[in-house]
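Novice: Need a 3D model of the following:
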Amino acid sequence: MKIVVVGGTGLIGSKVVARLAGQGHEAVAAAPSTGVDTLTGEGLAEALAGAQAVVDVSNSPSFERAAVLEFFETSTGNLLAAEAAAGVGHHVALSVVGTERMPDNGYFAAKIAQERLIEKSGIPFSLVHATQFFEFVRGIADDATDGDTVRIAPVLFQPIAGEEVAQAVARVAAGQPLNGRTEVAGPEQTRMDAFFRDALAAWGDPRTVVADPQATYFGSVPGERTLVPGEDATLGRIRYRDWLDQSDAGR
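Specialist: Below you'll find the predicted structure:
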């Protein structure tokens with residue numbers, strides 16, 4: 001089966017391409033560097049010719065509210081139109097657990113807008129909602145840093161290894177459309193402040209983590225369960241400390 005992976009040269013996309021190729025599929029990495037630009041439409045028709053499924057794991061280069069909304073609406077609109085013209089039978093998009101629970105957040109609002117376009121497109125679809133990636137937790141800590149203090153909301157947190165996100169996306173892409181969503185998360189659920197206190201200790205980072213109920217997560221205050229999945233989520237097996245010990249990214 002020919003499966004085009006938009007954002008296929010990135011962190012998750014490259015792993016999805018490798019997994020699908022390993023399963024015997026014709027996995028095509030689509031990105032500006034391979035001649036495919038979803039913002040302009042350049043190369044889309046050629047890349048999608050003969051494709052049975054399209055996976056979209058692309059991301060906005062800017063998280064500023066207006067910019068991220070414009071990216072997802074323009075990119076997704078162009079992609080869906082090209083899929084309709086090419087007769088693609090399955091659209092898979094990677095999204096975020098909790099989008100609907102924090103709509104005041106600019107990034108989450110943009111992902112909601114993206115999902116609505118997909119749901120209304122008439123193309124059979126699957127949405128994979130993932131929790132935060134292990135690869136991004138240092139960035140979360142840096143965003144929450146004020147001097148030598150990392151202010152973290154004491155809410156529930158359940159991050160996942162990027163490899164296991166890619167595994168879930170590849171599995172969904174090779175299957176039948178869900179016409180709905182599935183959730184994936186890491187194996188350990190803990191308080192966000194406790195997670196980062198342990199993580200910084202593991203990194204040898206001298207910053208102090210403070211539990212602050214008013215601390216923001218990229219501009220918005222998360223609720224108790226904003227960032228964690230429901231009971232039916234598929235859980236990964238890789239624990240953060242094991243990932244940190246074993247991965248080049250962790251080191």
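
Novice: make it CA atoms for all contacts and neighbour counts henceforth
Specialist: OK.

Novice: residues near L244, how many?
Specialist: 18 (other Cα atoms under 10 Å).

Novice: right, I mislabeled it, should have said P103
Specialist: 15.

Novice: What sits closest to it if chain neighbours are left out?
Specialist: Ranked by Cα to Cα, 6 or more residues apart in numbering and with sequence neighbours excluded, the top spatial neighbour of P103 is A109, at 5.0 Å.

Novice: Quick one: residues contacting the one you found.
Specialist: L69, T99, E100, M102, P103 (Cα atoms under 8 Å, 6 or more residues apart in numbering).

Novice: so which of those residues is the most crowded?
Specialist: Tallying neighbours with other Cα under 10 Å puts L69 at the head of these, with 23 neighbours.

Novice: Spit out the contact partners of that one.
Specialist: Here L69 is in contact with G106, Y107, A109, A110, K111, A113 (Cα under 8 Å, 6+ apart).

Novice: could those residues be laid out in CSV, adding distance to V88 and secondary structure?
Specialist: As requested, the contacts of L69 are exported to CSV (distance: Cα to Cα, whole Å; DSSP: H, G, I helix; E, B strand; the rest coil):
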residue, distance to V88, secondary structure
G106, 30, helix
Y107, 27, helix
A109, 27, helix
A110, 24, helix
K111, 22, helix
A113, 21, helix
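
Novice: can you redo those residues as JSON lines with distance to R138 and pLDDT?
Specialist: Converted to JSON lines, the contacts of L69 look like this (distance: Cα to Cα, whole Å; pLDDT from 0 to 100):
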{"residue": "G106", "distance to R138": "21", "pLDDT": "93"}
{"residue": "Y107", "distance to R138": "18", "pLDDT": "94"}
{"residue": "A109", "distance to R138": "23", "pLDDT": "95"}
{"residue": "A110", "distance to R138": "23", "pLDDT": "96"}
{"residue": "K111", "distance to R138": "22", "pLDDT": "96"}
{"residue": "A113", "distance to R138": "27", "pLDDT": "97"}
